[in-house]
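Asks: pasting the structure only:
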């Protein structure tokens with residue numbers, strides 16, 4: 001669990017609501033279902049319109065990574081690749097075939113299979129880098145869903161504000177209806193700007209960090225497999241992989 005994400009979101013909400021209270025306002029004045037419907041529904045419709053279904057659904061699934069990021073064990077990867085290197089030096093590359101069936105990661109299975117099949121190091125790198133590029137682009141497209149939401153929601157909020165003002169103008173003769181229309185107008189803007197800058201854009205940036213972690217993991221895998229294919233000393237391979245971190 002990413003506690004920093006939880007704490008950051010809570011602090012942001014408390015700061016906004018607290019500022020409203022300190023200025024003598026009421027919390028309930030910020031609770032406008034109509035404004036939320038306009039901003040939330042409009043933003044959702046916009047990102048659905050711009051995105052293929054696969055990208056949209058991937059972006060929704062990735063949202064959980066902001067608070068519960070997938071576990072990526074770099075130390076275990078280094079230990080695993082070093083072990084493969086020791087085995088290949090003692091028994092040859094064909095001895096690595098037994099590890100293929102035990103791997104849950106398709107990327108690792110592909111790399112080991114190419115290694116066992118005797119692929120040249122450069123060809124091995126070429127094949128795996130194509131897979132990395134495809135994988136990275138798919139994840140980044142999912143993250144862009146939230147970046148796009150951060151771009152659309154303020155504009156939808158302004159649209160809600162204009163709609164509220166139109167409602168006000170239509171009911172100038174009935175003062176009892178003016179308050180509700182003005183409230184929707186201003187709160188819709190707050191929702192649009194607030195969701196963009198407090199939720200959607202921070203989520204997109206946090207997801208980009210998670211994407212980078214996944215890509216780094218696979219780049220380390222490639223580096224280790226290339227070292228094994230070149231017959232490098234296991235200590236050299238291990239040192240090179242640890243060089244990804246400071």
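Replies: Perfect, thanks for sending it. The structure displayed is predicted, hence computed values, not measured ones. Residues are numbered from 1 along each chain as shown.

Asks: The longest helix along the chain: what's the following helix or strand?
Replies: Using DSSP state H to assign secondary structure, the helix with the most residues in the chain is helix 121-170. Counting by DSSP states H and E, the element after helix 121-170 in chain order, helix or strand, is helix 178-195.

Asks: one step back: give the other helices and strands that the longest helix of the chain contacts.
Replies: Applying 3 or more Cβ pairs under 8 Å, 6 or more residues apart in numbering; DSSP states H and E, one finds that helix 121-170 makes contact with helix 33-50, helix 53-62, helix 106-116, helix 178-195, helix 201-230. C-betas here are computed from N, CA, C, even on glycine.

Asks: Nearest to residue 72, out of the ones you listed?
Replies: Among those, helix 201-230 comes nearest to residue 72, with 5.3 Å by Cβ to Cβ.

Asks: how close does residue 152 get to residue 202?
Replies: Separation of residue 152 from residue 202 (Cβ to Cβ, to the nearest Å): 16 Å.

Asks: which of these two has more neighbours?
Replies: Just comparing residue 152 and residue 202: by other Cβ atoms under 10 Å the higher neighbour count belongs to residue 152, 22 against 18.

Asks: from what I can see the more buried one touches residue 47, true?
Replies: Yes. Contact criterion Cβ atoms under 8 Å: residue 152 and residue 47 qualify, at 6.7 Å.

Asks: Which residue ranges make up each domain of this protein?
Replies: The record's domain parsing of the chain by automatic domain parsing lists 1-31, 33-246.

Asks: how about residue 71, secondary structure?
Replies: Three-state call for residue 71 (DSSP: H, G, I helix; E, B strand; the rest coil): coil.

Asks: how near is it to residue 4?
Replies: Counting by Cβ to Cβ, the gap from residue 71 to residue 4 is 16 Å.

Asks: higher neighbour count, those two?
Replies: For residue 71 and residue 4, the more surrounded residue by other Cβ under 10 Å is residue 4, and the numbers stand at 10 against 6.

Asks: Can you say which helix or strand has that one in it?
Replies: Secondary structure (DSSP H and E) places residue 4 in helix 3-22.

Asks: Lowest average confidence across helices and strands of this structure, where is it?
Replies: Counting by mean pLDDT, DSSP states H and E, the chain has its least confident helix or strand at helix 178-195, which shows a mean of 80.

Asks: Residue 224 against residue 237, yeah?
Replies: Yes. Taking Cβ under 8 Å as the definition, residue 224 is a contact partner of residue 237 at 5.7 Å.

Asks: and for these two, which residues touch both?
Replies: Listed as contacting both residue 224 and residue 237 by Cβ atoms under 8 Å, 6 or more residues apart in numbering are 81-82, 85.

Asks: so residue 81 sits right up against residue 229, yeah?
Replies: No. Proximity of residue 81 to residue 229 does not meet the contact threshold set by Cβ under 8 Å, at 11.8 Å.

Asks: Could you export the helices and strands packed on helix 121-170 to TSV, including columns for distance to residue 11?
Replies: Compiled in TSV, the helices and strands packed on helix 121-170 are given as follows (distance: least, Cβ to Cβ, whole Å):
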stretch	distance to residue 11
helix 33-50	22
helix 53-62	23
helix 106-116	37
helix 178-195	14
helix 201-230	12
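
Asks: rank the ones you listed by pLDDT, which is bottom?
Replies: Of all these, helix 178-195 carries the lowest average pLDDT, namely a mean of 80.

Asks: Cool, thanks, signing off.
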